[in-house]
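>>> The sequence and its predicted three-dimensional model are supplied below.
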Amino acid sequence: MSKDPEENLVLAFRIAARARNEMIASARLNDNRGALHSAERIMNILGRTIKYPDLSHDQKDTLVTYPEAEGSPAAWAALARGEPDRVRVEHLSPKRALTQLAIELLDQGASDGELIDFVKKHYRLVLLTKDEISRLDKHNRSDMVPDRLGEVGIKVCRRPDAVLKTTPQR
């Protein structure tokens with residue numbers, strides 16, 4: 001395998017996508033019974049590697065200090081007040097839908113570069129309050145749409161300087 005983690009993860013995703021398709025075709029499993037799980041996990045790692053290369057496993061703590069971090073004004077305000085327990089990381093494109101669409105892309109013959117471009121376009125993490133995530137999930141928990149946040153009136157912005165001052169630096 002290559003030393004480039006991105007290339008390794010693309011290869012691993014291709015393998016997991018084939019395994020998922022084989023489980024559906026041969027083992028009569030569906031995504032709800034586990035066929036999608038490995039591909040979904042690898043997609044999440046691939047997305048973080050491509051879009052947020054310095055982000056650790058504990059996403060919230062490092063996403064807060066990430067230069068291009070996005071969050072709702074309410075999430076930033078909660079963090080500035082020292083209330084990190086009110087804030088969660090949300091996958092703007094639901095992981096399951098993102099993974100299924102990426103597998104469809106590969107099934108149509110997409111190259112590694114096209115898969116990477118797809119991930120760059122659609123993988124996005126934002127910081128939201130628990131209440132905002134609840135509102136978002138009630139409206140649309142599982143479908144990829146162009147403006148999932150806008151449909152429920154949630155706006156996001158880059159991290160205000162006031163939040164950075166209250167957060168430990170990486």
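Sure thing, it's come through.

>>> Per-residue pLDDT of residue 162, please?
pLDDT, residue 162: 63.

>>> Just after whichever strand or helix holds residue 116, pick out the following helix or strand.
Element membership for residue 116, per DSSP states H and E: helix 112-122. Using DSSP H and E, the helix or strand that follows helix 112-122 in sequence is strand 125-129.

>>> which helices and strands sit right next to that following strand?
Here strand 125-129 touches helix 59-65, strand 70-71, helix 73-80, strand 87-91, going by 3 or more Cβ pairs under 8 Å, 6 or more residues apart in numbering; DSSP states H and E. Where C-beta positions appear, they are placed from N, C-alpha and C, glycine not excepted.

>>> so which of these gets nearest residue 20?
strand 87-91 (18.7 Å; Cβ to Cβ).

>>> could I get that closest one in CSV with only the CA atoms?
The C-alpha trace of strand 87-91 is given here as CSV (Å, rounded to 0.1, in the frame of the first residue of the first chain):
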residue,chain,number,x,y,z
VAL,A,87,-22.5,21.3,21.5
ARG,A,88,-22.1,18.4,19.2
VAL,A,89,-20.5,17.7,15.8
GLU,A,90,-23.0,17.1,13.0
HIS,A,91,-22.3,15.5,9.7
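
>>> which of the residues in that strand are buried?
Neighbour counts over strand 87-91 (16 or more other Cβ atoms under 10 Å) mark 87-91 as buried.

>>> returning to what we had before: name the helices or strands packed onto the helix holding residue 116?
With contacts defined as 3+ Cβ pairs under 8 Å, 6+ apart, helix 112-122 has these neighbours: helix 5-25, helix 37-51, helix 95-107.
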